[in-house]
Structure formats: structure tokens, C-alpha cells
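J.: how would this look folded up:
(2 chains)
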Amino acid sequence: MTELLRFATAGSVDDGKSTLIGRLLYDSKAIFEDQLEAVERTSRSRGDEQVNLALLTDGLRAEREQGITIDVAYRYFATPRRKFIIADTPGHVQYTRNMVTGASTADLALVLIDARKGVLEQSRRHAFIASLLRIPHLVLCVNKMDLVGHDQDVFEAIKAEFREFATRLDVADLTFIPISALHGDNVVDRSPNMPWYEGTSLLHHLEEVHIASDRNLIDCRFPVQYVIRPRSDAFHDYRGYAGTVAGGVFKRGDDVVVLPSGFSSRIRSIDTFDGPVEEAFPPMSVTLTLEDDLDVSRGDMICRPHNRPVAGQDVEAMVCWLDEQAALTPGGKLGIKQTTRSARALVKDLRYRLDVNTLHRDEAATSLTLNEIGRVTLRTTVPLFYDEYRRNRATGSFILVDEHTQHTVGAGMILSAPD
Amino acid sequence: MHQLTHLAAIEAESIHVIREVAAEFERPVLLFSGGKDSIVMLRLAEKAFWPAPIPFPVMHVDTGHNFPEVIDFRDRRVAELGVTLVVASVQTSIDTGRVREDARPGSSRNRLQTTTLLDAIAEHRFDAVFGGARRDEEKARAKERVFSLRDEFGQWDPKRQRPELWNLYNGRHRPGEHMRVFPLSNWTELDIWQYIGDEKIEVPSIYFAHRREVFRHDGMLMAVGPYLPTPEGAEVFETTVRYRTVGDMTCTAAVESAATTVADIVDEVAASRITERGATRADDKFSEAAMEDRKREGYF
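T.: Numbering: from 1, shown residues only, chains lettered A, B, ... in the order given. Have a look, this model is predicted:
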């Protein structure tokens, strides 16, 4: 059985990120000859000395013209063990927004460090965002080891410095791998140039890292997405609640309670097109039917009677602001979407703005502008059913929407109910 | 335990996207060409609402230059599902003067489809349009969101894309704007074929190896047919081919292949060193940014 692993990469072209992705794709035969030819052609016409593998991922005209990456690009490759989705995010300071976007669904973050330069401000920022977004696994690739003579001391020094910084973050699983993306050392196979390194190659790590226990399989959460009522002869009284399991394992016969009504019932069946199943867990998309005829609609939450999410209109959250035009300010009103629930939210308070490079908290801040992150108190027009983001990424996240432009302007990670 | 296969995981993600659109939009429509990607998308829509029928119509933008096998398949599948089929005709757009056809023989109607599509969206007041595009197909597509906003001219602005986080899709839009939605964004060509195999989904016969009269044109094998005249001096020969993509007959090339079953195709795709668009689509060869430019105008 092949599993799916989503990972986000962060770093700039200078760190050799594109070369690394290019190598992973090439060595796993996910780059095709016509793509490579097109890149070679463009590299030649631009007068580049080497084939510029960044051109493989830079898909937009403006990016190729300006030699920059402006947006998250998604790339795919597979090995017999796993299929991989790479969210390739640009590393520049102004693109925190893109990294947050790419990191939101990632199982693993891959941060590149140039062995000659060591831990830079940018590396710290990337690691911080990965921890803020609760990516369960962080891999630090110390690249360009060939340019420092494959020296173990260089690697160990970077490792020690980064570990020191990481103690201030919330990182569950941290792995260091010394590589040379250009020459392929420790990318697919263990490198004979670094016999002192006892770990696995990067690809081996990506194939083997244990992700099964990253999901919350304890707290049963089923946000109702869509009500299915066929009203056909064969299914005349059928009433099913379709949605994606956001936490826990639901079983046929389980006692459940529906929020906000608080009515109890029991799961009669867990239906899919391919037939009923005995249990459903994240991220399965299924349809639940209940023993009792209740009034359940989109935005309601089905959970277990003795394990309920917080139900409330007050939310404390870390918010990353994503909009170039408007800023987040106390008193502002925004649209909010959390699971399948949409409402309006009032910004009651901006507690502090966080400097993503130093982790310093600026409590005098009066607004959040593009790429800024801060702790915010919100009041919503209707109760939301949520968990702390650190406990459940699916029920602890929300987006904020500008009610005039309708654009997505903020990404929120819920901390707790306010005290 | 409690782990999905990668195909089950992307299937669940696609179903989530399709249900989200049905819940948040007034008038969705699903683009169905009879090609393999839209066949898979239609199956996912069927799964998303079972045991209820699919709650929106399907639409085919018909260039009039189709493979007859594909049109037969389209009509059969639509009848089986009992969904409404809207046919938006490029020929009608030409006849009513909405677009002008390139008079050169064999010219493709590919680009003309954009006007026909946008006119149909306006006429039927569709506010969400499901497309079967995949991010692995092409590098402009690799950067497009699952929910991709189009302005009142149907244009895509890659620099003003909304951030898309978790599975919280923002379907809000202003009057006149519409959303293109791509439930298959994270599928690869290989995933599509493995899924077709696992699910035993029927696809049009031209995807499998068959004997066909072809000629070489710009290094690609084009079928002898009523819409693309055989160039002067071109050698026509019969060989065993199949189609990797199904577009209009004037711009879709065949590939030499002996694959007669889905399992053969899975093996062939896994071993292929050329992308499906590179191998078979004359329409992408104009320039490095051909797809981006067409998408900006409102193309699929």
C-alpha cells in the first residue's frame, strides 16, 4: 500500500532548494524529457552557465522574467512506498504568506541551510513558521557539504546552533541531514563522502518517517458539510450527513451528540458509494446516518457525548495576516470560516505582534499588516465548535475573509478559549 | 492502522471539494468532455452525493472536431447518470459571429473554446465551474489554486490568487465573478489510470491501442480525419496507436503504443519519460507560457 506524504520546502534559490527538488524529481523519474529540454532551451537563451532547475518550478511568465518565485508551486513524485506532494514555497522575507499557505497541510517541513553560511535569520523564520503551523516533522538539510570539505565539525556546529534555537519552538520531531543537492550526496543514497554520518538519506527518511500517529484519532469530530436527501423511491426517507472526518474514529452504533442543538442519537450507518463501512477516521469523506430524525444542517458538529469541542463565540488565536491592502486592527469586522461553519467576527483585541525572527512580543502593536503574525481575540456572531490547534489542526484552524473584497486575508490557529 | 492509501486520500480530498461547492454555490456546473480526467471527476461527483443524484448539470464545450467514439461515450455516461447535459457549441459561436475561425485549413478551434465557454457561463449564470485540470500537467497549472477566482471577464490573475489554507476553501465572490474549481489538482496522470483500474471505470476506446491511419506532423502522429487535412506530401501509414489525452482531433496527437488494457497503460505511463501534454498537444507548443496566456483569457 502506498501512503501519501505532503511536505513543504522552504529556502531560497541560493540555498540550493530548486536543485534539491530537481534532483528528487529527476532521480525518482518525475521530471520528463520534454520538461528538461524546455528548461535547457530557456537556460541557454538566458545565457545561464548551468541548466537552471529553478525554471522547472517557476511556472509563471513574471517569475521567469524576473528570476524570482512568487507563489507556491505544487510538485509530485512517487516511490513504491509513498506518493509525495511537495508544496514548494519561496524563501524571501516578504513571502511568509506563501510558506504559511504551503505549510498548512504539510506532514513534514524541509528547511535548507547553506553549510557555508550556517543558521540564518531566514532559517529561523522558516522553522518558526513550521512550528506555528504544527507541522509534525521538521527536517533540516545542511546543503553544500561538498563546499566545506564534507566536514563533520561544520555539520555538528550548525546542528548544535539550530537545536539551541529549536528549544524555544514546539517541534515534535527534528532531523538533521548533511547533503549536497548538486552532487546527490545523501539525497537518494547514503554518501561515501560522509562516512561519519550515521543517519539515512533524505529520500529514505521521507519514505520511512512515521506519520500514522500524527492525526488526532481520539477526539471524534465530524463537521457536517452537506445534507443528503435523495427523495427517490428507493431512498425515500434517507437523510445522510456528508462530511470529512476531522478527528477520532467513528464507529457504527456509537452514541453521538449534535452541536449546537445538543440532541443525542446513535450512528445507524457510515455510508459511502462503495458500500457501508464499520468505521471512519480522518481524512475520510463519508456520510453518516443517525437512528433518530433530528434537524441537522451544514455547519453543525457531530461528536461523542463525553468528548465535545469548545462551543463558544470567543476565540484566542495566532493570526497570520495575508493581505497587502487592508490591515488587521482592533474593532475591525471580518468574515470567518472554521470547519464548515461561516460567520462574522469582530477583532476585540490585538494582544501582541510577534517578530518572527527574534520571537519578541510587541505588545504596543496596533495592527497586523502583510506577513505579520500576532495574538488576537475574536468575538464571533455565532458559536464555533473548536479545539486548540495544537490538538487538532482541522478543528483548530480558520480563515478570515475581507467582507468587501471577499479575499482571504488571514489564517488563524486557535490557542484556547479566553480565560 | 487507520491509514488510507494515497488514492483513497486524494479521493477523499476531491469529494470534500465537490461537496463544498455544492454547499456554497447557487449554480455549479461540471465540465465533462469524455476525457479520462473528467470521467474520473464525474465518478467522484457521483460518489460525493450518493445515494442522491449529482445536484448539478454537466457541460461539454464542443469544438465540433471531436472523436466520434468520445461523443458516443459522453452521451451514454450522461444517460446512465441521469444528469442534464449542456452542450456549448464552438460552431454556434462561429455562426453567430462571436468568434472568427482561422481560415487556414486544419487550424485548431482550441483557443476559440474560451469565448464559447465564457458565453455559456454567462448565459446559464453558472457561479462555479468544475474543471478536471491537474497540477502535474503543466507548470502554470502547478501554481493554480483549487478554488480559482475569475473576474467578470473570466480572466485568471496569477498574481492576485487567494491564499488557500488547510481545507478551508473560500468560495465568496462578487456578482459577475465566478469560481473555477479543480478537484483533481493533486492527482497525477498515473493516479488517474490507477484509479480507473481500481474502480473499473469505463473510458472511451481510443485510449487503448488500435490500428489507425496517421501521418507525421511536427514530430507528432496525427490521425487522418475529416477536420485536419493531410498536408501535401505527407506519408500516410497505418500503425498501432493510442491517445494519451483526448482533445479536439486537430490538435491531439496519438502515441505509438501496444497498451490494450488499463494495466498496460499504467505500466506505460509509469515508464514514460515525456509528459502527456508534451507528447500529444500541439496547442502547448506555441511558447513557454502558452498555457498561462490561455488561462489568463479564461481557458479551462
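
J.: can you give me phi and psi for A:Glu207?
T.: phi -80, psi -30 (degrees, to the nearest 10).

J.: Spatially nearest residue to it, not counting backbone neighbours?
T.: A:Arg81 (4.6 Å; C-beta to C-beta, 6 or more residues apart in numbering or on different chains). Using the backbone N, CA and C atoms, a C-beta is placed for each residue, glycine as well.

J.: distance of the one you found from A:Val171?
T.: 24 Å (C-beta to C-beta, to the nearest Å).

J.: Let's check: the centremost residue of chain A is which one?
T.: Closest residue to the average C-alpha location of chain A: A:Ser104 at 2.1 Å, with C-alpha atoms, centre = their mean.

J.: That one reaches B:Leu165, doesn't it?
T.: Yes: contact criterion C-beta atoms under 8 Å: A:Ser104 and B:Leu165 qualify, at 4.2 Å.

J.: what touches both of the two?
T.: A:Ser397, A:Ala411 (C-beta atoms under 8 Å, 6 or more residues apart in numbering or on different chains).

J.: circling back: and the residue nearest to A:Glu207, how many neighbours does it have?
T.: 15 (other C-beta atoms under 10 Å in any protein chain shown).

J.: which ones are touching it?
T.: A:Thr2, A:Glu3, A:Glu207, A:Glu208.

J.: could you flag which of those are buried?
T.: The neighbour count (16 or more other C-beta atoms under 10 Å in any protein chain shown) marks A:Glu3, A:Glu207 as buried among the contacts of A:Arg81.

J.: So which of the contacts of A:Arg81 sit within strands?
T.: Among the contacts of A:Arg81, the members found in strands (DSSP state E) are A:Glu3.

J.: Tell me the one among the contacts of A:Arg81 nearest to A:Arg134.
T.: The shortest approach to A:Arg134 among those belongs to A:Glu3, at 19.7 Å (C-beta to C-beta).

J.: For that closest one, give me its contacts.
T.: Going by C-beta under 8 Å, 6+ apart, the list of residues near A:Glu3 reads A:Arg81, A:Arg82, A:Lys83, A:Ile211, B:Gln3, B:Leu4, B:Thr5, B:His6, B:Ala9.

J.: and what of A:Pro330?
T.: A:Val347, A:Lys348, A:Asp349, A:Leu350, A:Thr366.

J.: Mind checking what secondary structure the fourth one has?
T.: What that stands for is A:Leu350. strand (DSSP: H, G, I helix; E, B strand; the rest coil).

J.: Who is it paired with across the strands?
T.: A:Val376 (DSSP bridges).

J.: Distance-wise, check it relative to A:Glu372.
T.: From A:Leu350 to A:Glu372 the distance is 10 Å (C-beta to C-beta).

J.: now the third one
T.: From A:Asp349 over to A:Glu372 the distance is 16 Å, taken as C-beta to C-beta.

J.: if you count what's nearby, which of the two comes out ahead?
T.: Neighbours per residue (other C-beta under 10 Å) separate A:Asp349 from A:Glu372, with A:Glu372 holding more: 20 against 14.

J.: pLDDT at residue 249, what is it?
T.: Since you didn't name a chain, this refers to chain A. Looking at A:Val249, its pLDDT stands at 97.

J.: Not quite, go with chain B.
T.: pLDDT for B:Met249: 76.

J.: do A:Leu174 as well
T.: For A:Leu174, the predicted pLDDT is 94.

J.: ok, the residue nearest to it when sequence neighbours are not counted to chain B distance?
T.: Taking C-beta to C-beta, 6+ apart, and ignoring the residues beside it in sequence, A:Leu174 has A:Leu138 as its nearest neighbour in space, at 5.1 Å. Distance, A:Leu138 to chain B, by C-beta to the nearest C-beta, to the nearest Å: 19 Å.

J.: mind listing the helices for chain A?
T.: Counting by DSSP state H, one finds helices in chain A at the ranges A:17-27, A:33-46, A:54-57, A:61-66, A:96-103, A:121-132, A:152-166, A:202-208.

J.: Most tightly packed of the ones you listed?
T.: helix A:96-103 (a mean of 26; mean count of other C-beta atoms under 10 Å in any protein chain shown).

J.: What helices and strands are in contact with that helix?
T.: In terms of contacts (3 or more C-beta pairs under 8 Å, 6 or more residues apart in numbering or on different chains; DSSP states H and E), helix A:96-103 is packed against strand A:3-10, strand A:82-88, helix A:121-132, strand A:310-321.

J.: Name the residues that touch the second one?
T.: By C-beta under 8 Å, 6+ apart, the residues outside strand A:82-88 that reach it are A:2-9, A:17, A:21, A:24, A:57, A:69, A:72-78, A:101-103, A:105-106, A:206-207, B:6, B:186, B:188, B:191.

J.: Name the residues of it that come out as buried.
T.: Buried-residue list, strand A:82-88, by 16+ other C-beta under 10 Å: A:Arg82, A:Lys83, A:Phe84, A:Ile85, A:Ile86, A:Ala87, A:Asp88.

J.: B:Phe300 is in contact with B:Glu137, isn't it?
T.: No: with contacts counted by C-beta under 8 Å, B:Phe300 stays clear of B:Glu137, the gap being 10.8 Å.

J.: averaged over its residues, what pLDDT does stretch A:337-354 have?
T.: 97.

J.: what do you get for stretch A:396-411?
T.: Across stretch A:396-411, pLDDT averages out at 96.

J.: just stretch B:170-183 next, same as before
T.: The model assigns stretch B:170-183 a mean pLDDT of 94.

J.: and if you look at stretch A:19-39?
T.: Mean predicted lDDT for stretch A:19-39 stands at 76.

J.: got it, and stretch B:28-40?
T.: 95.

J.: For chain A, tell me whether that stretch is touching it.
T.: No: contact of stretch B:28-40 with chain A (C-beta under 8 Å from any C-beta of the partner chain) is absent, the minimum separation being 12.3 Å.

J.: Tell me the span between the first and last residue of that stretch.
T.: In stretch B:28-40, first residue to last residue: 18 Å (C-alpha to C-alpha, to the nearest Å).

J.: Buried residues in that stretch, which are they?
T.: Buried-residue list, stretch B:28-40, by 16+ other C-beta under 10 Å: B:28-40.
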